[in-house]
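Asks: coordinates for the following, if possible.
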Amino acid sequence: MDLVLEFFKNTGFALADWRYLIMIAVGILFCYLSIAKQYEPLLLLPIGFGVIIGNIPFFQGFGLGIYEENSVLHYLYFGVKTGIYPSIVFLGLGAMTDFSSMLARPKLMLLGAAAQMGIYFTLLSALALGFAPNEAASVAIIGGADGPTSIFLTAKLAPDLIGPVAIAAYSYMALIPIIQPPIMRLLTTKKERLIHMPETSREVSRKELLFFPIVGVLLCCFLAPASIPLLGPFFFGNLMKVSGVVDRLAKTASSAVIDTATIFLGFTVGASTQADVFITPKALGIFFLGSIAFSIATASGLLFAKFMNLFLKEKINPLLGAAGVSAVPGSAREVHLVAQKEDPSNYLLMHAMACNASGVIGSAICAGILWSFMAR
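Replies: Modelled structure (predicted):
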């Protein structure tokens, strides 16, 4: 009986408390949303299952937890802490991205820049709430709605906050169908939502597509050298895609490579939400500020599009401003769906993808700027 009792003391049933049960419930909820509602399943399913695994109580010292240096999960987590996984994801994103619609309408790039206002507003809010400058920058980047960028910057500035920041960033990305449409309808009129964008645009030449990743990486990385680990692989992936001479490499980067990185990134980030280090007042504050950041980023893009229309002869649909956040392709798809509900003949997807692509670049530049300032 003593052996049985000793064994029971070392089981998860005996070691569990309410914090672990709450986090396991959150993990199950994420899995449910990804499977039943299909909310960003490529992100939420690995994260959700990782949350479940990371919150199974265990006996300390066995090398099981993600924060124990000799554990398997700890070694897998190395790619998160060092920024390896986010860089690989950006390589794949670049190989998947088509910049032709953005290059055909360069003015749409401004919407991707405007949507980054959520980052700087949240930075000031976090500082006002007592977050340290490096922590405030890590929380603020959630406004870019880019999970890999959020993880990368937090790993550099505030490694202890990777779990809360990553979960907040990916949660709001997955909840785009719930968060963004009400903001779109609130800040635009029915007349504005009915604006049709031209279905045809100028044809972008192959030379333009080839020069863009080279010129883009030079301009962006000269402006913010700290963005090289993200934008370097991103533009390289795109150059492989448009060059046409390394199709095997481009296809591998846009499929097997990015999928593998996404699996380990999501799973280990989920596992890092170990209840005894995750459930804190600071984590709750991060979730609150993250929701504000994402909402302001959406609103900034919408309002700037309305501002641009004051000076444009050919009006743009203000809904496109909501796609300025870098949640690819979720926000672009949601913009298209909202427009379709108003008028089924209104197709905004390609235009929204142009804003989305510029948002990816914009958030990475912001991350580089914040890193260069806060790391000093």
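Asks: every contact and neighbour count from this point should use C-alpha atoms.
Replies: Noted.
Asks: please tell me how far Glu6 sits from Phe264.
Replies: 35 Å (Cα to Cα, to the nearest Å).
Asks: higher neighbour count, these two?
Replies: Neighbour count, other Cα atoms under 10 Å: between Glu6 and Phe264, Phe264 has more, with 20 against 10.
Asks: element containing the residue lying closest to that one once chain neighbours are set aside, please.
Replies: Nearest non-adjacent residue to Phe264, counting by Cα to Cα, 6 or more residues apart in numbering: Leu76, 7.1 Å away. For Leu76, the host element (DSSP states H and E) is helix 72-81.
Asks: next one: that helix to chain centre, how far?
Replies: Taking the mean of its C-alpha atoms, helix 72-81 sits 20 Å from the chain's own mean (Cα atoms, centre = their mean, to the nearest Å).
Asks: immediately after that helix, which helix or strand?
Replies: Using DSSP H and E, the next helix or strand after helix 72-81 towards the C-terminus is helix 84-96.
Asks: could you point out the helix or strand that follows that following helix?
Replies: Proceeding C-terminally, helix 84-96 gives way to helix 100-104 as the next helix or strand, assigned by DSSP H and E.
Asks: which residues does the helix or strand just after that following helix contact?
Replies: Under the assignment DSSP H and E, the closest C-terminal helix or strand after helix 100-104 is helix 109-114. The contact list for helix 109-114, computed with Cα atoms under 8 Å, 6 or more residues apart in numbering, reads 102, 297, 300-301, 304-305, 320-321, 323-326, 354-360, 362.
Asks: pull the residues that contact the helix holding Leu76.
Replies: Identification of contacts with helix 72-81 by Cα under 8 Å, 6+ apart yields 63-69, 85-86, 151-152, 155-156, 159, 264-265, 268-269, 271.
Asks: now the angle from that helix to helix 84-96?
Replies: Relative orientation of helix 72-81 versus helix 84-96 (axes from the mean of the first three to the mean of the last three Cα atoms, to 10 degrees): 60 degrees.
Asks: identify each buried residue in helix 72-81, please.
Replies: Leu73, His74, Leu76, Tyr77, Gly79, Val80, Lys81 (16 or more other Cα atoms under 10 Å).
Asks: make CSV out of those residues and add pLDDT.
Replies: Below are the buried residues of helix 72-81 laid out as CSV (pLDDT from 0 to 100):
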residue, pLDDT
Leu73, 91
His74, 90
Leu76, 93
Tyr77, 92
Gly79, 92
Val80, 91
Lys81, 88
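Asks: got any ranges where the protein has weak pLDDT?
Replies: Residues of the chain that meet the criterion pLDDT under 70 lie in 7-8, 200-201, 375-376.
Asks: center of it - which residue?
Replies: Taking Cα atoms, centre = their mean, the centroid of the chain lies closest to Asp146, which sits 2.0 Å from it.
Asks: hang on, that one packs against Ser326?
Replies: Yes. Counting by Cα atoms under 8 Å, Asp146 does reach Ser326; the two are 5.5 Å apart.
Asks: give the residues shared as contacts by the two.
Replies: Val360, Ser363.
Asks: hmm, back to that, please convert the buried members of the contacts of helix 72-81 into PyMOL selection syntax.
Replies: The following PyMOL line selects those of the contacts of helix 72-81 that are buried, judged by 16+ other Cα under 10 Å:
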select buried, resi 63+64+65+66+67+85+86+151+152+155+156+159+264+265+268+269+271
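Asks: list the contacts for the closest residue to Ala322 other than its chain neighbours?
Replies: Distance criterion Cα to Cα, 6+ apart; nearest residue to Ala322, sequence neighbours excluded, is Thr298 at 4.7 Å. Counting by Cα under 8 Å, 6+ apart, Thr298 makes contact with Ala115, Gly118, Gln180, Ile183, Gly321, Ala322, Ala323, Gly324, Val325.
Asks: which among these end up buried?
Replies: Buried residues within the contacts of Thr298, counting neighbours by 16+ other Cα under 10 Å: Ala115, Gly118, Gln180, Ile183, Gly321, Ala322, Ala323, Gly324, Val325.
Asks: kindly reformat the residues you listed as a markdown table containing distance to Ile22 and secondary structure.
Replies: What follows is the buried ones among the contacts of Thr298, written out as a markdown table (distance: Cα to Cα, whole Å; DSSP: H, G, I helix; E, B strand; the rest coil):
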| residue | distance to Ile22 | secondary structure |
| --- | --- | --- |
| Ala115 | 33 | coil |
| Gly118 | 30 | helix |
| Gln180 | 27 | helix |
| Ile183 | 30 | helix |
| Gly321 | 36 | helix |
| Ala322 | 33 | helix |
| Ala323 | 33 | helix |
| Gly324 | 34 | helix |
| Val325 | 30 | coil |
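Asks: quick revisit: for Val325, see how far away the residue nearest to Ala322 is.
Replies: Thr298 is 7 Å from Val325, by Cα to Cα.
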